[in-house]
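In: here is a sequence together with a model predicted from it:
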Amino acid sequence: MSMTRGAMVAAVALVALLLFPATFAFPPAGQQQLDPHFYDHSCPQAQQIVASIVGKAHAQDPRMAASLLRLHFHDCFVKGCDASILLDSSASVVSEKRSNPNKDSARGFEVVDEIKAALEAACPRTVSCADVLALAARDSTVMTGGPGWMVPLGRRDSLGASIQGSNNDIPAPNNTLPTIITKFKLQGLDIVDLVALLGSHTIGDSRCTSFRQRLYNQTGKGLPDSTLDPAAAAVLRPRCPRSGGDQNLFFLDHVTPFKFDNQYYKNLLVHQGLLSSDEVLFTGSPATAELVKLYAASQDIFFQHFAQSMVNMGNISPITGRNGQIRSNCRRVNHN
Ligand code: HEM
Ligand SMILES: *[C@@H]1O[C@H](CO)[C@@H](O)[C@H](O)[C@H]1NC(C)=O
Ligand SMILES: *[C@@H]1O[C@H](CO)[C@@H](O)[C@H](O)[C@H]1NC(C)=O
């Protein structure tokens, strides 16, 4: 009995479909779905534990919510949301904590340690460090007055880190809008995600060094950034001089610095975004400017888009299934 080549391919495909239906029904390997109910049976207290420690930390340090929100972003943009940012340097790891975007800037690691210790006591080796970051980001948003959302869970932790990825894949505050859009697109995020997620800068601080260029020499011609309100620049210069004061801190949203609201977008409309990467959302393209105006006009729409875009960001290349591991200490890989 002989089969044509086409019939043979079809028969093999049919057998494969019957034997491995999941292969065909779901996206390719590594894209297994996350699930908000992932720990419902294995660690029902997980979300409560995270929320209570984030709440305590935020009460002690009002900046902490912002710092924890940012950690999830800096985790997800570097080979996916896999807690790679939490690894300390070791024989096999060059820590992402030393990268340009993170050094002297990323913070909140001790709070993550405290959360992880409480989770290990309640449910050993069950809740991943990557999921801790996703939950802490949501809780930080809620605690400062922002929207809530169900956090898809089930991420596992990486076995390594990438300082190159941290330096190259996280946008810099003096990147142009096209560069920023490209860096988001590489993560599968569009301009709605970009403009909505940047609304995170409604809370938290920046160092002088992250925006000094705008105050004195934005384009190499010895002039300040023309898209920065001159009065705002004059207020910033004394504590962010041409040299020195690198680590001096400034509110990203100087009007309501501790409140998660849509004030960030209102600031952009009057050219008072602190970072160049903030203001370019309004000045850099009509499409992003329309979104800035929309969110400045409607906090409800901003909150809805922000919540959806945080889920989108949290879905960047998670490690699932049997890959990776559940670290017992977020700072190092397990060796057994
Ligand atoms: C174009 C993209 C982005 C750029 C260029 C950028 C850049 C920055 C810079 C330069 C700082 C100040 C760091 C310092 O000087 O110490 C900062 C802070 C912050 N960023 Fe972003 N960011 C971006 C997107 C995001 C996203 C997507 C989120 C969250 C979803 C986020 C959350 C935060 C928060 C909350 C802070 C304050 C952190 C604190 O006070 O500890 N950023 N960002
Ligand atoms: C952006 O900032 C970095 C770090 O301060 C600097 O080395 C670089 O020259 C700046 N790029 C542009 C285009 O201004
Ligand atoms: C501005 O920057 C350019 C190149 O980055 C440099 O050549 C120039 O000397 C700077 N001007 C001032 C006034 O600092």
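Out: Perfect, thanks for sending it. Ligands and ions are numbered 1, 2, ... in the order given.
In: which stretches in this structure count as strands?
Out: Secondary structure of the chain by DSSP state E: the strands cover 205-207, 249-251.
In: partner strands of the first one and their direction?
Out: Spelled out, it's strand 205-207. Paired neighbours of strand 205-207 in the sheet (DSSP bridges): strand 249-251 (antiparallel).
In: point me to the residue of the stretch 151-300 of the chain nearest ligand 1.
Out: Residue nearest to ligand 1 within the stretch 151-300 of the chain: G204 (2.4 Å; C-beta to the nearest ligand atom). C-beta coordinates here come from the backbone N, C-alpha and C atoms, glycine included.
In: list the contacts of that residue.
Out: For G204, the contact set (C-beta atoms under 8 Å, 6 or more residues apart in numbering) comprises 63, 65-67, 69-70, 251-252, 257.
In: I'd like those residues as a markdown table, with pLDDT appended.
Out: Output for those, formatted as a markdown table (pLDDT from 0 to 100):
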| residue | pLDDT |
| --- | --- |
| R63 | 98 |
| A65 | 98 |
| A66 | 99 |
| S67 | 99 |
| L69 | 99 |
| R70 | 99 |
| F251 | 98 |
| L252 | 98 |
| P257 | 98 |
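In: from those residues, pick the one nearest ligand 3.
Out: Closest approach to ligand 3 among the contacts of G204 (C-beta to the nearest ligand atom): L252, at 24.9 Å.
In: what does the stretch 201-336 of the chain put close to ligand 3?
Out: 217, 220, 222 (C-beta under 6 Å from any ligand atom).
In: tell me where the model's unsure across the stretch 1-150 of the chain.
Out: Scanning the stretch 1-150 of the chain for pLDDT under 70 picks out the ranges 1-32.
In: go again using 90 as the cut-off
Out: 1-33 (pLDDT under 90).
In: could you report the neighbour count for the closest residue to ligand 2 within the chain?
Out: The chain approaches ligand 2 most closely through N174 (3.8 Å), counting by C-beta to the nearest ligand atom. Neighbours of N174 under the rule other C-beta atoms under 10 Å: 17.
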